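Peer 1: quick one, what's the 3D model for this:
(chains A and B)
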Amino acid sequence: MSPTLAERPGRTARERGPAPAAPARRRRRTPNGPYRLTATSGLGLGVALLWFSALALVPLLAVLVETSAGGWPAFVAAVTQPQTAAALTLTVTQALAVTAVNVVMGTLVAWVLVRDRFPGKRLLEVLIDIPFALPTIVAGLVLLALYGPSGPLGIDVANTRAAVFLAFCFVTLPFVVRSVQPVLAELDRDVEEAAASLGATRFTTFRRVVLPALAPAITAGAALSFARAISEYGALVLLSGNLPMRTEVGSVRILSYLENGQPEQAAAVASVLLLVSLLVIATIQLLQRKVARRG
Amino acid sequence: MSIEIRNVRKTFGDFVALDDVSVSVPTGRLTALLGPSGGGKSTLLRVVAGLEVPDSGAIEIEGRDATNLPARRRNVGFVFQHYAAFKHLSVARNVAFGLEIRRTPKAEIAERVDELLRLVHLESFAHRLPSQLSGGQRQRMALARALAIRPSVLLLDEPFGALDAKVRKELRDWLRRLHDEIPVTTVFVTHDQEEALEVADEIVVVNEGRIEQVGTPDDLYDRPANDFVMGFLGPVTRLGGVLVRPHDVHVEVLASVPASDDASSRPGGPVTGVVTRTTRVGFEVRAEVSAGDEVVSVVVTRAEARTLGLAAGVAVRLAPAQGAPTAPAAEPVAAAAPA
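Peer 2: Okay, here's the model as predicted:
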């Protein structure tokens, strides 16, 4: 701490006065260099890191440590076990499909909420957040009542993969909407008018001007929605029936491993979900950057 | 006439932005729409561009009825006050946008973009993003982008409004030179009378949704149609019930303060009064003269002030100078002159 304090750039520069010494200039050019922290910002960083570690980093590491306890062969065996593999595949493919749907529908809903005026808009604003606020098991109950065997709509998706898809859709609905909405609201209408005066149709304007501006927000929403989907449990557990090889998902698999006293296997599945999640988020970010650069 | 605006009316709720406006904009000239904020000048420009649909009336651009044409088919270049840059595109791609939309061949686009960037002195910034440019540079980029499509008219909405005073001055001189180089019919909106007087070939004064006067800068300055135009184009003061420019007041020093004077009976006729205050600003001297119920501002050069011996307490007789433009004053004194 003390060396960083002594090296505080502002102070040194001022103490030395206007002497155009090379080191002083170099220091001034990187006023908040990577390892230069003031006492307060150092404290802030410390607290933030501690909090983050206690809540996220340590548990995540614990999962990985638990997984590695059995060694590589045990991990491979656990993950390639047919029932587990089927559950993981189902989880990831459904989560990807739901994310794709959310990208389109979420952007559309955000557009309607920001750009259009209609009666009941305020109500819709509130309703969008319900899937987020509702305890997921309540969501599961609602879905079962609506789309289950005795649902009033005559649509019965219980014990099918459609149930998984539906449950994922329900819980991830707000993510893209909520990330796109503020960005869209802040978007300059001038820019769209400029495109129009340059000869662009509304569709071209959307594709070439609006969409690139929304891309980061859509990406962020998509990543959140994917991460949420692959970890979902409560909303689908009632409706999907958890049929092995057919409608069982990763999170359910983890629970059954634990219940059978196989914590290593449970940790292995958890690690896979964790890694897939990280991988997909990283891929989405990379893609978005590439698109941004190309656009 | 390049742009013909006929009986255009536009309201926003209860607010009448344009009230039966008819005006013609001459081809190849630089025309200013001048007026106070909220007077309807930007709305008029946006109606011409097709960004705003008039409630009634007609717009003709280059002899073609454009009233019902969407903005994208009017072939109008539009420059916005806040640049409206496509933030994710490089400067060159911004300029190329309109040409890409028109499916112009790549080689041709590259050539035209180069030419335009040279014109606006941004050739070395082609690959920068708009966020890496200064305000003045961004506005020049926006201008190049608007010119790229070879518009039949170029419309600029307070183009220098967001820039600081120095850049604004530079850019308007540059716009004037640019227009002399490429004489595309140009209309720009401004609330700065100095900008309009300095840059424009013709000025349209717009106020409260109506056209007050159309004319050359000299016309408007020397022969204002009414007290509003006179007051908006330069400083005015009230003298014997008429408006006159403070530097157009003839001052005569009297030996003594007249007891009570009935000279102000004739409108615009000489009035007598006492100098209450003098302020020296650079080469000119501003004096306030209390004459009856009026306070007349007078501006004279320092040399004149010295010759006259103008100082607080001196009795003077004031009259509009010979041939000076005057306008009947509305009650009370017309809006404080923008100076």
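Peer 1: so where is chain A shaky, pLDDT-wise?
Peer 2: A:1-35, A:292-295 (pLDDT under 70).
Peer 1: following element in sequence after the longest helix seen in it, please.
Peer 2: Looking across chain A with DSSP state H, the single longest helix is helix A:82-115. Downstream of helix A:82-115, the first helix or strand assigned by DSSP states H and E is helix A:121-128.
Peer 1: roughly how far out does that next one sit from the chain middle?
Peer 2: Distance, stretch centre to chain centre, for helix A:121-128: 22 Å (C-alpha atoms, centre = their mean, to the nearest Å).
Peer 1: what of stretch B:186-200?
Peer 2: That offset, for stretch B:186-200, works out to 3 Å (C-alpha atoms, centre = their mean).
Peer 1: endpoints of that stretch, how far apart?
Peer 2: By C-alpha to C-alpha, to the nearest Å, the extent of stretch B:186-200 from end to end equals 9 Å.
Peer 1: that one close to chain A?
Peer 2: No - residues of stretch B:186-200 are not located near chain A by C-beta under 8 Å from any C-beta of the partner chain, the shortest gap being 13.5 Å. The C-beta positions use only the backbone N, C-alpha and C, and glycine is treated the same way.
Peer 1: all helices of chain B, in order?
Peer 2: Remark: helices assigned in chain B by DSSP H are B:41-49, B:91-101, B:106-119, B:135-148, B:165-181, B:193-199, B:217-222, B:227-233, B:302-308.
Peer 1: would you turn those into a markdown table with mean neighbour count and mean pLDDT?
Peer 2: Putting the helices of chain B into a markdown table (neighbours: other C-beta atoms under 10 Å in any protein chain shown; pLDDT from 0 to 100) gives the following:
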| stretch | mean neighbour count | mean pLDDT |
| --- | --- | --- |
| helix B:41-49 | 25 | 94 |
| helix B:91-101 | 23 | 95 |
| helix B:106-119 | 15 | 94 |
| helix B:135-148 | 24 | 93 |
| helix B:165-181 | 15 | 89 |
| helix B:193-199 | 20 | 91 |
| helix B:217-222 | 18 | 90 |
| helix B:227-233 | 24 | 90 |
| helix B:302-308 | 14 | 89 |
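Peer 1: out of the ones you listed, flag the one nearest A:G261.
Peer 2: helix B:91-101 (61.2 Å; C-beta to C-beta).
Peer 1: list the contacts of the spatially most central residue of chain A.
Peer 2: Residue closest to the average C-alpha location in chain A (C-alpha atoms, centre = their mean): A:L224, at 1.7 Å. Applying C-beta atoms under 8 Å, 6 or more residues apart in numbering or on different chains to A:L224 gives the contacts A:T172, A:F175, A:S179.
Peer 1: ok, now B:R46?
Peer 2: Per C-beta under 8 Å, 6+ apart, neighbours of B:R46: B:E52, B:D157.
Peer 1: tell me how many other residues crowd the residue lying closest to A:P182 once chain neighbours are set aside.
Peer 2: Leaving out its chain neighbours, the residue that sits closest to A:P182 by C-beta to C-beta, 6 or more residues apart in numbering or on different chains is A:A217, at 7.8 Å. A:A217 has 21 neighbours, counted by other C-beta atoms under 10 Å in any protein chain shown.
Peer 1: got it, and A:G120?
Peer 2: Count around A:G120 with other C-beta under 10 Å applied: 8.
Peer 1: name the residues of the stretch 1-150 of chain B found near chain A, please.
Peer 2: So the stretch 1-150 of chain B meets chain A at B:49-51, B:70-78, B:80, B:82-89, B:97-98, B:101-102, B:142, B:145-146, B:148-149 (C-beta under 8 Å from any C-beta).
Peer 1: any buried residues in the helix or strand hosting A:R253, and which?
Peer 2: Secondary-structure element containing A:R253, defined by DSSP H and E: helix A:250-259. Residues A:G250, A:S251, A:V252, A:R253, A:I254, A:S256, A:Y257 are the ones in helix A:250-259 that count as buried (16 or more other C-beta atoms under 10 Å in any protein chain shown).
Peer 1: returning to what we had before: and of the helices of chain B, who's closest to A:V65?
Peer 2: Nearest to A:V65, of the helices of chain B and by C-beta to C-beta, is helix B:91-101 at 49.8 Å.
Peer 1: name the helices or strands packed onto the closest one?
Peer 2: helix B:106-119, helix B:135-148 (3 or more C-beta pairs under 8 Å, 6 or more residues apart in numbering or on different chains; DSSP states H and E).
Peer 1: for B:D19, find the nearest of those helices.
Peer 2: Nearest to B:D19, of those and by C-beta to C-beta, is helix B:135-148 at 28.8 Å.
Peer 1: tell me the one of the contacts of A:L224 nearest B:M230?
Peer 2: A:S179 (55.3 Å).
Peer 1: which one of the helices of chain B lies nearest to A:G42?
Peer 2: Of all those, helix B:135-148 comes closest under C-beta to C-beta, at 37.3 Å.
Peer 1: figure out how far the closest one is from the centre of its chain.
Peer 2: With C-alpha atoms, centre = their mean, you get 20 Å for helix B:135-148.
Peer 1: could you dump it to CSV, C-alpha only?
Peer 2: This file holds the C-alpha atoms of helix B:135-148, laid out as CSV (Å, rounded to 0.1, in the frame of the first residue of the first chain):
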residue,chain,number,x,y,z
GLY,B,135,-17.6,18.5,-33.2
GLY,B,136,-16.5,20.6,-36.2
GLN,B,137,-15.0,17.6,-37.9
ARG,B,138,-18.1,15.5,-37.3
GLN,B,139,-20.3,18.2,-38.8
ARG,B,140,-18.0,18.4,-41.9
MET,B,141,-18.4,14.6,-42.2
ALA,B,142,-22.2,14.9,-42.0
LEU,B,143,-22.0,17.6,-44.7
ALA,B,144,-19.9,15.3,-46.9
ARG,B,145,-22.3,12.5,-46.3
ALA,B,146,-25.3,14.7,-47.3
LEU,B,147,-23.5,15.9,-50.4
ALA,B,148,-22.4,12.4,-51.5
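Peer 1: what helices and strands are in contact with it?
Peer 2: helix A:189-197, strand B:76-79, helix B:91-101, helix B:106-119, strand B:153-157, helix B:165-181.
Peer 1: ok so, going back, reformat the buried residues of helix A:250-259 as TSV; add distance to B:V300.
Peer 2: TSV is the format used below for the buried residues of helix A:250-259 (distance: C-beta to C-beta, whole Å):
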residue	distance to B:V300
A:G250	90
A:S251	89
A:V252	93
A:R253	95
A:I254	92
A:S256	99
A:Y257	98
